[in-house]
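S.K.: model this:
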Amino acid sequence: MESQQLRTFVTVVRLGSFSEAARALGYTQSAVSQQIAALEADLGATVLNRRPVGPTEAGARLLEHAAPLLLRLDAARADIARLAGAASARLVVGATPLAVGVELGRALAEVRREYPVVDLTVRVVAQDALPAEVATGAVDLALVDGLAAPSDPLPLPEVGPLATVAVAEQPLAVALPDGHPLAGRPGLALADLSAARWLDAPGLAPTAARLCAAAGVDGYRPAARYLGTDVRGLLALVAAGHGLALLPAAALAGVAGVTGVPVRAPRLVHRTELVHGALPEGPAALLARLLT
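M.R.: Sure thing, here's the model as predicted:
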């Protein structure tokens, strides 16, 4: 099974068309058909229905394997390129929305002083996607945040030989609207809030599944969904009574209409980690040293 055949198969499934896949990949439609036929011959199974175009049962199973296989191939190429190549004047930093802060800004200012002509880009990306972006070289290094027990690493997906280094740990607080019956409490147990109305904000706050795992109880069913990356927008929904959110306490400071109550149990923190691969001396390596 060749990697290009696998990429072609994934593209045909994603677009639902041999002709659209050919346009996207820069091939002729005949070349796409030949690659799929060769893949099926190699596997000894039909992986695509032709009319309408879609995966067979065998194709659906192959699709489950395809994404991690292609990711690891891309990660291997990027890892070898980093080891073999010299430092680049390009610096692409990935960060989750809550990891973009003053510390990153100050560190980047120092990098610019050392490398005045560096071509700098900061990309805000969801937590689950960032490790793969680092592994494949889409970003040079990334700041990733999330829920963790004190001093425990973040539960990041396995995408390749990446290094992770703790950058910061902050206390957590439940964001409540002012006047909420629990707003005056000195602290809250997360398990006691499993039946409360929660906001599902996967780009900013722990998902219901993560809350269930952390508290050891079922529940936390979302009352509304927020798909943005602006924490102020999320807190505006909290203030209006649409649901609760679990956030680093610092993110709630000075926000009108919202009260933050510390989480007392279980012992959890908002943890930020630096994720990177091999870093030849240059802007990315300097930034990693400054952040850690």
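
S.K.: so which residues of this protein form strands?
M.R.: Along the chain, counting by DSSP state E, strands occupy 48-50, 53-55, 90-95, 119-124, 141-148, 163-177, 188-189, 198-200, 222-225, 245-248, 258-265, 269-276.

S.K.: partner strands of the shortest one, parallel or antiparallel?
M.R.: Neighbouring strands of strand 188-189 in its sheet, by DSSP bridges, are strand 258-265 (parallel).

S.K.: that older thread, let me have the strands of the chain in a markdown table, adding mean pLDDT as columns.
M.R.: Putting the strands of the chain into a markdown table (pLDDT from 0 to 100) gives the following:
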| stretch | mean pLDDT |
| --- | --- |
| strand 48-50 | 92 |
| strand 53-55 | 93 |
| strand 90-95 | 91 |
| strand 119-124 | 92 |
| strand 141-148 | 93 |
| strand 163-177 | 94 |
| strand 188-189 | 95 |
| strand 198-200 | 95 |
| strand 222-225 | 93 |
| strand 245-248 | 96 |
| strand 258-265 | 95 |
| strand 269-276 | 94 |
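
S.K.: among the ones you listed, which is nearest A109?
M.R.: strand 119-124 (10.4 Å; CB to CB). From N, CA and C alone the C-beta is placed, and that goes for glycine too.

S.K.: surely P248 meets H270?
M.R.: Yes: counting by CB atoms under 8 Å, P248 touches H270, with 3.8 Å between them.

S.K.: overlap in contacts, those two.
M.R.: Common neighbours of P248 and H270 (criterion: CB atoms under 8 Å, 6 or more residues apart in numbering): 98, 145, 170-172.

S.K.: out of those residues, who's nearest E57?
M.R.: Of all the shared contacts of P248 and H270, D145 has the smallest distance to E57: 39.4 Å, by CB to CB.

S.K.: that closest one - how many residues pack around it?
M.R.: Residues lying near D145 (other CB atoms under 10 Å) number 24.

S.K.: coming back round to it: out of the shared contacts of P248 and H270, which one sits closest to A236?
M.R.: Of all those, L98 has the smallest distance to A236: 16.2 Å, by CB to CB.

S.K.: what pLDDT does that closest one get?
M.R.: We have a pLDDT of 91 for L98.

S.K.: swap in the one 5 residues further on?
M.R.: The score at E103 is 88. That number is its pLDDT.

S.K.: leaving out the residues flanking it, which one is nearest to it?
M.R.: Nearest non-adjacent residue to E103, counting by CB to CB, 6 or more residues apart in numbering: L291, 7.0 Å away.

S.K.: swap in S3?
M.R.: In space, and not counting its chain neighbours, S3 is closest to L73: 5.5 Å by CB to CB, 6+ apart.

S.K.: distance of that neighbour from G137?
M.R.: Relative to G137, L73 is positioned 12 Å away (CB to CB, to the nearest Å).

S.K.: and V238, what does it touch?
M.R.: 175-177, 199, 244-245, 257-258.

S.K.: show the buried residues in these.
M.R.: Buried residues within these, counting neighbours by 16 or more other CB atoms under 10 Å: 175-177, 199, 244-245, 258.

S.K.: how about the strands of the chain, which one is nearest V102?
M.R.: Closest among the strands of the chain, once you apply CB to CB, is strand 163-177, at 11.3 Å.

S.K.: just to revisit the earlier point, isn't the residue nearest to S3 up against Q4?
M.R.: No: using CB under 8 Å, L73 is not in contact with Q4; the gap is 10.4 Å.

S.K.: relative to strand 269-276, how tilted is the longest helix seen in the chain?
M.R.: Across the chain, the helix with the greatest residue count (assigned by DSSP state H) is helix 57-84. When axes from the mean of the first three to the mean of the last three CA atoms, to 10 degrees is applied, the directions of helix 57-84 and strand 269-276 differ by 70 degrees.

S.K.: so for helix 57-84, mean pLDDT?
M.R.: Averaged over helix 57-84, pLDDT sits at 79.

S.K.: quick one: that helix to chain centroid distance?
M.R.: Distance of helix 57-84 from the chain centroid (CA atoms, centre = their mean, to the nearest Å) equals 17 Å.

S.K.: name the helices or strands packed onto it?
M.R.: Judged by 3 or more CB pairs under 8 Å, 6 or more residues apart in numbering; DSSP states H and E, the packing partners of helix 57-84 are helix 3-15, helix 130-135.

S.K.: got CSV for these, with mean pLDDT and mean neighbour count too?
M.R.: Formatted as CSV, the helices and strands packed on helix 57-84 follow (pLDDT from 0 to 100; neighbours: other CB atoms under 10 Å):
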stretch, mean pLDDT, mean neighbour count
helix 3-15, 91, 18
helix 130-135, 89, 24
